[in-house]
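Enquirer: Fold the following.
(chains A, B, C, D, E, F, G, H, I, J, K and L)
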There are 12 protein chains.
Amino acid sequence: MTEQAARWRVLIVNGPNLNLLGRRETGIYGQRGLEWIESSCRERAAMLGAEVACFQSNHEGELVERIQQAMGQTDLIIINPAAYTHTSVAIRDALLAVGVPVIEVHISNIHKREPFRRHSYVSDIAEGVIAGLGVEGYLLALEGGIRRLDAAERQ
Amino acid sequence: MTEQAARWRVLIVNGPNLNLLGRRETGIYGQRGLEWIESSCRERAAMLGAEVACFQSNHEGELVERIQQAMGQTDLIIINPAAYTHTSVAIRDALLAVGVPVIEVHISNIHKREPFRRHSYVSDIAEGVIAGLGVEGYLLALEGGIRRLDAAERQ
Amino acid sequence: MTEQAARWRVLIVNGPNLNLLGRRETGIYGQRGLEWIESSCRERAAMLGAEVACFQSNHEGELVERIQQAMGQTDLIIINPAAYTHTSVAIRDALLAVGVPVIEVHISNIHKREPFRRHSYVSDIAEGVIAGLGVEGYLLALEGGIRRLDAAERQ
Amino acid sequence: MTEQAARWRVLIVNGPNLNLLGRRETGIYGQRGLEWIESSCRERAAMLGAEVACFQSNHEGELVERIQQAMGQTDLIIINPAAYTHTSVAIRDALLAVGVPVIEVHISNIHKREPFRRHSYVSDIAEGVIAGLGVEGYLLALEGGIRRLDAAERQ
Amino acid sequence: MTEQAARWRVLIVNGPNLNLLGRRETGIYGQRGLEWIESSCRERAAMLGAEVACFQSNHEGELVERIQQAMGQTDLIIINPAAYTHTSVAIRDALLAVGVPVIEVHISNIHKREPFRRHSYVSDIAEGVIAGLGVEGYLLALEGGIRRLDAAERQ
Amino acid sequence: MTEQAARWRVLIVNGPNLNLLGRRETGIYGQRGLEWIESSCRERAAMLGAEVACFQSNHEGELVERIQQAMGQTDLIIINPAAYTHTSVAIRDALLAVGVPVIEVHISNIHKREPFRRHSYVSDIAEGVIAGLGVEGYLLALEGGIRRLDAAERQ
Amino acid sequence: MTEQAARWRVLIVNGPNLNLLGRRETGIYGQRGLEWIESSCRERAAMLGAEVACFQSNHEGELVERIQQAMGQTDLIIINPAAYTHTSVAIRDALLAVGVPVIEVHISNIHKREPFRRHSYVSDIAEGVIAGLGVEGYLLALEGGIRRLDAAERQ
Amino acid sequence: MTEQAARWRVLIVNGPNLNLLGRRETGIYGQRGLEWIESSCRERAAMLGAEVACFQSNHEGELVERIQQAMGQTDLIIINPAAYTHTSVAIRDALLAVGVPVIEVHISNIHKREPFRRHSYVSDIAEGVIAGLGVEGYLLALEGGIRRLDAAERQ
Amino acid sequence: MTEQAARWRVLIVNGPNLNLLGRRETGIYGQRGLEWIESSCRERAAMLGAEVACFQSNHEGELVERIQQAMGQTDLIIINPAAYTHTSVAIRDALLAVGVPVIEVHISNIHKREPFRRHSYVSDIAEGVIAGLGVEGYLLALEGGIRRLDAAERQ
Amino acid sequence: MTEQAARWRVLIVNGPNLNLLGRRETGIYGQRGLEWIESSCRERAAMLGAEVACFQSNHEGELVERIQQAMGQTDLIIINPAAYTHTSVAIRDALLAVGVPVIEVHISNIHKREPFRRHSYVSDIAEGVIAGLGVEGYLLALEGGIRRLDAAERQ
Amino acid sequence: MTEQAARWRVLIVNGPNLNLLGRRETGIYGQRGLEWIESSCRERAAMLGAEVACFQSNHEGELVERIQQAMGQTDLIIINPAAYTHTSVAIRDALLAVGVPVIEVHISNIHKREPFRRHSYVSDIAEGVIAGLGVEGYLLALEGGIRRLDAAERQ
Amino acid sequence: MTEQAARWRVLIVNGPNLNLLGRRETGIYGQRGLEWIESSCRERAAMLGAEVACFQSNHEGELVERIQQAMGQTDLIIINPAAYTHTSVAIRDALLAVGVPVIEVHISNIHKREPFRRHSYVSDIAEGVIAGLGVEGYLLALEGGIRRLDAAERQ
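Expert: As a prediction, this is how the structure comes out:
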């Protein structure tokens, strides 16, 4: 599938320490790594008529700038801000500035962990939130998000 | 697909006022009703090799008892406890008693609404949570949940 | 006065333990019972050109469903949710769904009692609140509510 | 009706900025001014066998002193402390000192506004509270209050 | 022992999910079921000159109504409100209305569990509270309660 | 004793509703009025070589201005801010501006009353506080305050 | 019954001011004194095949040391820490160190008293808690505790 | 410059104790007094094509009334509510009623002082806030405010 | 003056670290020691027709027991619980048990110090509180307390 | 004006997402971009005898390091930390370390937005704060700040 | 090494239940007892030119008095207040009175335990705190403390 | 000592602004700089049979990545996260991912500073914490940490 043919452009953003996915704390996060997520999302997106760009960084500023670049270039942002979920107003502000629909994903169920993980600076500005469904959560976000884009287009 | 052939039994439980879905406050909840959710879930489940039982009630006690009946009869509970999300320890206790994996679904993004909607008595005992993705959220929960059951079986 | 002639249809909803009114704790709630309230409201309503339907239940789910039935059938809901005032998001959601103007009534002055009675899940979605004026509060709610309906109609 | 014939003496006290009523923020407070309230209350009171004295001030100290003067001269105080509802312990103390039954009135529904408007220094020492029913609330307070005085007298 | 001969009438009320007792989560609640509790209480009561009526429901409204029926028919209520301990003002109000001495029982030690289980809407209106002593707690409540009734009668 | 001979000039300031002292709520405040306090303080001051000026007002602004006038004219302020204790930053600021030692007096024990009476905007900028010792508290404040002035002078 | 024959050794520990029991505040604590409690417990224990050692102190340190001495010498501690319930981490730590099952007893219903009495440093490390059942509470604790020891032994 | 020629009318309101400015606590507030502020503002305003009216009071009620008089007579209010910043809902309500743009000024940096000075009843209804820049803050508010009026006019 | 002749018996209780008074932290507590307080109180008491017993301890348990011994032997307790002010429910309970009027004294102004020093377990059960007036506070408490006893006797 | 001639060196620091200024969310932030701010500040500074260095970054660490470099090289820092206002202790610590006077600027009125925007880690260590006056706020900060430097120099 | 030769005198104070160290809860506290700590500290101190006095008590009052005795006799206090860390203002006050540098030691990491163990009445008046490094923490405190004394002496 | 011979590999991580150590705010942090810490640690480590790697950054993301690189390469992390202590969940997550024992060091006593410095995102996942002992704290952490590694190895 060529890039031009894709009906939707999706940006998948992963925050700090997700580069270690599948290598550590597999009891919490499972055994599949970031590569699996990114390639599975690409595949699934292709089936759904979308193209996917992926970005991971441990630096808040780099995440802010990647989100800024999505302005006018992206139809949907799927973001797992990881630790920055709970501490970054800068990422929130970047998402607000870009004005693209956002779906927030968390691999583990953040409600079962430390109390500070229950607060997100992203949830109340996102379209939706998926948590606790493992790396599958990205695929579900992709499906759910694209169906919403399709439905909005139909109206 | 016949009912006997289903590999997984799923119970979909909907709480108070969801019987009005599609008829009121369509700005928040969308235009598709409970019937759409239930028939769509049945269809999708059939494709995934699962059978679905559906239950809706406005009565906390009836919801508790329906959950109790799932003990030993169900492999997955998908629940949208609606208003009881925020007030019912009894439903939490029933889910704890039954010991079946649970996925919590909310049609609207509860993080964008009144502050009291941010606390759920179910989230920290659920496998996962999907919020804000509209009625599609049930289908995503079904997919995500069944994939987890399949994966667990494979191990 | 015949029912057809009534210009306004009013639903009066009473919550748990109000069936005991006039029989217990008369120091707090006075000596007039639910029957007095309901028949007085009917009489007064007739004088004001309205008809009244009354409902009392100790079951949250039944209250939810009676409110749901008011959709499109009622011009004004006068509700004393009693204990559910402080605990029921389901009744709040039903009132929100029905979209009919609501006046909340409390027989006793809830501000003089236990601190948890100071929070109501209904007040911020009601037109107005009357508390502490005894069973007369229902009649005042009726008068105030109908005058508002009349005034709105005149505009 | 002559003043001597009145069975009950009622004092109606209005707090700061209510002198602007009907001239500003009519979306919240309606279009009828303080004069309408005062003359309507006088009329309604006459029908109920009561006489009414009215007082408005923007000065906390003047409100305190007018309430003090009611000692032994008044059977009922109807007060809308407006902004001082939330900040004046001095008005509370004057009402406590005078020992006359008090009904608190608010024109708008204070539960729908800023959170600090939910706390009142008067509510827990008042007989009752009426909020959100517009300027009609004063008339309802008058009726409700006088019926209580009549009822107490009958016992 | 015949029912007429009983000096005291005791009502034992059990809240939601206690019908599952002995079948699930036996690590927390033990292996003896509701039947054991009820028959043991009947036996013990007979020895102490009392008769026992038992009631279990998962419905808040049914619990409220069963408590209401105890008015004038019961000398002591032993109640384990289970999940409703933490959420039901309606049950509190019913107990207040009935005016019968109450002993609150919890099978598990609620102080060792989730923080929200530490607050009870019943404790501050009960005579006493027994928690964490397993199903034996009901028998101890029965003994303690009846001794208090005997002692009060002697005075 | 002539005014010139007085070694110390003391200002006694009383806040709102203290003009009613001895006439209302004598169970809390006792039966001696403001006149008794003022004349007793004058007498006691004369014995201690001090002269006393007294001021009472129900107006926050007047209290602020009377305190301002004490600048450079007064050696000690004894103040019972009454209700303004808990709400007036303006009086606090006036006392800070004047820079004269302050003793705060409360007739009743504010720790036994409503929780909001436990916070004072004056206590942490006063030399000392006397509460609950009735109208005698003013005399004790006078004695204690003058002894401190004498002691400071001796050094 | 001789000491050697006792199957279980129970230590009953009473905290500060309980030496005054039966002499003061009998409205809250009843008229039976510490001696009654101790001798009744000894008697009841003998019937249940247990021996009882009793200790009361007003000194936190002495209570800590008496609990320490129970290490390996006691099968059950029944403790009414009285005022230290709410303030002593040292007693909590001693109980944790000793590792013997604990039942906490309060004569009055601490839930009906000052809010600070609702927090206990012992409850969440005790087996169970009995409150509000008067001095009988010790006997119920004894019975309940010994039955648990018997039951554990049988397994 | 004549009054008619001024393009903009500005009201400068100063709250309690600011009449002492420059005479006391010069470490916090500096050595320039209220007169300096008022004459400097008049001068600067003239340069910017505006006329200035100044008002200071220690009385909350007088401040409320002066603000009310600005209705329809003023294009900009610059207010330093001083102590009333933290306690006056009445001033907030007057500003809301008048509907004129407001700039809030504080001479000292309120964030460096007592915690209660961090909350303002004016900030969230003002256009902007300037704090800690000394008496110069008034001039900056004047410049900033007038530039905004000019800019709005140009559009 | 002989002990028999004393009309009133006063107990002065001082808590932990007050044995160091006058030797350390004289900037906060002044230079006069415990001996000065005790002998001054004895002298002043003799002048007022009272006798004084003094007690200081660093041990909570000893303070509890000394207070217990005052039962029936003392007409007034003046107590400076020092550090135990903020932590000892046991001393509160002893004072409650003894039922003698209490005046609480603090040498320094506890409102100017660490926030935890603002809460006292004694203030709300004391007749009155004197803080910040140095060691003179004891003498003022003595005078104030004895005058109250005299006044009560006269009634 | 040449750089050597400048009497004061000012550093203007802008935090994350301010590089987008004027391009997005113009309803909140206005239509003028970062370039306008920087060039306007340079011009105005030149008029006031100062030179300006400007720095913007989305990276917390870069902001920290740019502030560090100001040590000994700068007379005034004007900073709009944007999102880092609310989350960055590191920037606070850098400002503390550098010891240069700071003026904090916010373009929008942070008091009108989400509650978390009301807390700033910079305000209590800044000289002053300007909020809500749009991009003009930078110029006002420049004027106010330089006048303060001039005034300090004159002393 | 003789006692006279020691350059520094160190007092090591251990609070309640530390006499049990090494005998109970070895999972948390390790297997080395109080004797090991005391003798190791003596040895290490000798190497560092210091002498050590050790004291353990379960009594708050005894700990207070032992600290008091250190006044002028000790150069450094190393204290593990154990349970009294969280509850004893009296020990805090004794340490403040003595004015000797203090190092606080905790054997276990108090941040990993119950939330109430996170607050210490000693930390903010200590020079430093060492927690979670086991009984070695005492030796590290000794080294760190003596090096500080040596360094201060050198200056 | 050659690198190969080292028995333990220690990583010393320093957070933002610690590159300025010894140059600014020497009253709080002392006069020795980061170089002193790093070279002293290297020396001391060599004596203890360990080798040390040092890293400082002002960038949260760089700190996260340096910690990630320690996975499998390091036996002990000594970290002073400085400002990030209080704000970085990302560093916490990196430390959790790496699974190496951690000792947290703070040069100043964070308990004596602003309240927000009392919370650490690292303390509850660290082995231990050393605060307030100056730059010596690093050496003590090194000693303490290596002794623990030695002890663990011996078992």
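
Enquirer: residues contacting A:I107?
Expert: Shown in contact with A:I107 (Cβ atoms under 8 Å, 6 or more residues apart in numbering or on different chains): A:L21, A:Y29, A:G30, A:N80, A:G132, A:G134, A:V135, A:G137. Backbone N, C-alpha and C define where each C-beta goes, glycine included.

Enquirer: Pull the number of nearby residues for the fifth one.
Expert: By the criterion of other Cβ atoms under 10 Å in any protein chain shown, A:G132 has 23 neighbours.

Enquirer: and if you look at A:R32?
Expert: 16.

Enquirer: Check which helix or strand it maps to.
Expert: A:R32 is part of no helix or strand when elements are defined by DSSP states H and E.

Enquirer: Name all residues that make contact with it.
Expert: Neighbours of A:R32 in contact, by Cβ under 8 Å, 6+ apart: A:L21, A:G22, A:V135.

Enquirer: For it, give me phi and psi.
Expert: When quoted as degrees, to the nearest 10, the phi and psi of A:R32 stand at phi -90, psi 140.

Enquirer: In terms of distance to chain J, which of the contacts of A:I107 ranks first?
Expert: For the contacts of A:I107, the closest approach to chain J (Cβ to the nearest Cβ) belongs to A:N80, at 19.1 Å.

Enquirer: Tell me the bridge partners for that closest one.
Expert: On the basis of DSSP bridges, A:N80 is bridged to A:N14.

Enquirer: picking that back up, distance to chain G, neighbour count and secondary structure added to the contacts of A:R32, as TSV?
Expert: Output for the contacts of A:R32, formatted as TSV (distance: Cβ to the nearest Cβ, whole Å; neighbours: other Cβ atoms under 10 Å in any protein chain shown; DSSP: H, G, I helix; E, B strand; the rest coil):
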residue	distance to chain G	neighbour count	secondary structure
A:L21	37	25	coil
A:G22	38	18	coil
A:V135	38	21	coil
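
Enquirer: so which of these comes closest to L:L96?
Expert: Nearest to L:L96 among the contacts of A:R32 is A:L21, at 13.3 Å by Cβ to Cβ.

Enquirer: Isn't the closest one up against A:Y29?
Expert: Yes - assessed by Cβ atoms under 8 Å, A:L21 is found in contact with A:Y29 at 5.8 Å.

Enquirer: Near the nearest residue to A:P81 once chain neighbours are set aside, how many residues? Count them for me, please.
Expert: Of all residues not flanking A:P81 in the chain, A:G15 sits nearest, at 4.4 Å (Cβ to Cβ, 6 or more residues apart in numbering or on different chains). Residues lying near A:G15 (other Cβ under 10 Å) number 24.

Enquirer: tell me the contacts of A:G15?
Expert: Going by Cβ under 8 Å, 6+ apart, A:G15 touches A:Q56, A:S57, A:N58, A:L63, A:I79, A:N80, A:P81, A:A82, A:A83, A:Y84, A:T85, L:A90.

Enquirer: Can you pull up the residues of chain A that come close to chain L?
Expert: Counting by Cβ under 8 Å from any Cβ of the partner chain, the residues of chain A close to chain L are A:15-17, A:19-20, A:23-25, A:57-62, A:82-84, A:86-87, A:116-117.

Enquirer: Filter those residues down to just the ones in helices.
Expert: Among the residues of chain A next to chain L, DSSP state H puts A:E60, A:G61, A:E62 in helices.

Enquirer: Could you report the neighbour count for the first one?
Expert: Number of residues near A:E60 (other Cβ under 10 Å) recorded here: 34.

Enquirer: Count the residues that sit near A:Q31.
Expert: The number of residues near A:Q31, taken as other Cβ under 10 Å, comes to 11.

Enquirer: ok, so what distance separates the closest residue to it other than its chain neighbours from chain E?
Expert: Spatial nearest neighbour of A:Q31, excluding adjacent residues (Cβ to Cβ, 6+ apart): A:G22 at 5.5 Å. A:G22 sits 32 Å away from chain E, going by Cβ to the nearest Cβ, to the nearest Å.

Enquirer: now do A:P81
Expert: 27 Å.

Enquirer: Show the residue spans covered by the strands in chain A.
Expert: With DSSP state E as the criterion, chain A has strands at A:8-14, A:50-56, A:76-80, A:102-106, A:128-131.

Enquirer: Highest mean neighbour count across the ones you listed, which stretch is it?
Expert: Using mean count of other Cβ atoms under 10 Å in any protein chain shown, the stretch among those with the largest mean neighbour count is strand A:128-131, at a mean of 28.

Enquirer: That one pairs with which strands, and in what direction?
Expert: When DSSP bridges is applied, strand A:128-131 pairs with strand A:102-106 (parallel), strand B:128-131 (antiparallel).

Enquirer: Dump those to CSV, plus mean pLDDT.
Expert: Shown next, in CSV, are those (pLDDT from 0 to 100):
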stretch, mean pLDDT
strand A:102-106, 98
strand B:128-131, 98
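
Enquirer: Save those strands as TSV, and put in distance to H:S40 too.
Expert: Shown next, in TSV, are the strands paired with strand A:128-131 (distance: least, Cβ to Cβ, whole Å):
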stretch	distance to H:S40
strand A:102-106	50
strand B:128-131	56
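
Enquirer: Can you pull the residues of chain A lying near chain F?
Expert: By the rule Cβ under 8 Å from any Cβ, no part of chain A lies against chain F.

Enquirer: What is the burial count for A:A46?
Expert: By other Cβ under 10 Å, the residues close to A:A46 number 14.

Enquirer: So it versus chain F, what's the distance?
Expert: Separation of A:A46 from chain F (Cβ to the nearest Cβ): 64 Å.

Enquirer: Near chain B, which residues of chain A are found?
Expert: So chain A meets chain B at A:103, A:109, A:111-112, A:120, A:123-124, A:126-134, A:136-137, A:140, A:143-145, A:147-148 (Cβ under 8 Å from any Cβ).

Enquirer: Identify those among these that sit within helices.
Expert: Among the residues of chain A next to chain B, the members found in helices (DSSP H) are A:E136, A:G137, A:L140, A:E143, A:G144, A:G145, A:R147, A:R148.

Enquirer: quick one: low-confidence ranges for chain A?
Expert: Along chain A, the parts satisfying pLDDT under 70 run over A:1-5.

Enquirer: By proximity to chain L, which residue of it wins?
Expert: A:H59 (3.1 Å).

Enquirer: give the contact list for the closest residue to that residue other than its chain neighbours.
Expert: Counting by Cβ to Cβ, 6+ apart, A:H59 lies nearest to L:G61, which is 3.1 Å off, once chain neighbours are set aside. By Cβ under 8 Å, 6+ apart, the contact list for L:G61 reads A:P16, A:S57, A:N58, A:H59, A:E60, A:G61, A:E62, J:G61, L:A90.

Enquirer: one more time with 10 Å
Expert: By Cβ atoms under 10 Å, 6 or more residues apart in numbering or on different chains, the contact set of L:G61 is A:16, A:57-63, J:59-61, L:90-91, L:94.

Enquirer: just A:D93 next, same as before
Expert: Taking Cβ under 10 Å, 6+ apart as the test, what A:D93 contacts is A:64, A:67, A:121, A:125, J:15-18, J:20, J:25, J:58, J:82-84.

Enquirer: Kindly report the same for A:Q155.
Expert: Neighbouring residues of A:Q155 by Cβ under 10 Å, 6+ apart: there are none.

Enquirer: quick check, nearest of the ones in helices among the residues of chain A next to chain L to chain C?
Expert: Nearest to chain C out of these is A:E60 (Cβ to the nearest Cβ; 36.5 Å).

Enquirer: Might one say that that closest one is in contact with L:H59?
Expert: Yes - contact criterion Cβ atoms under 10 Å: A:E60 and L:H59 qualify, at 9.1 Å.

Enquirer: Next, count neighbours for A:G72.
Expert: Number of residues near A:G72 (other Cβ under 10 Å) recorded here: 8.

Enquirer: quick revisit: against A:L11, how distant is the residue nearest to A:H59?
Expert: From L:G61 across to A:L11, the span is 19 Å (Cβ to Cβ, to the nearest Å).
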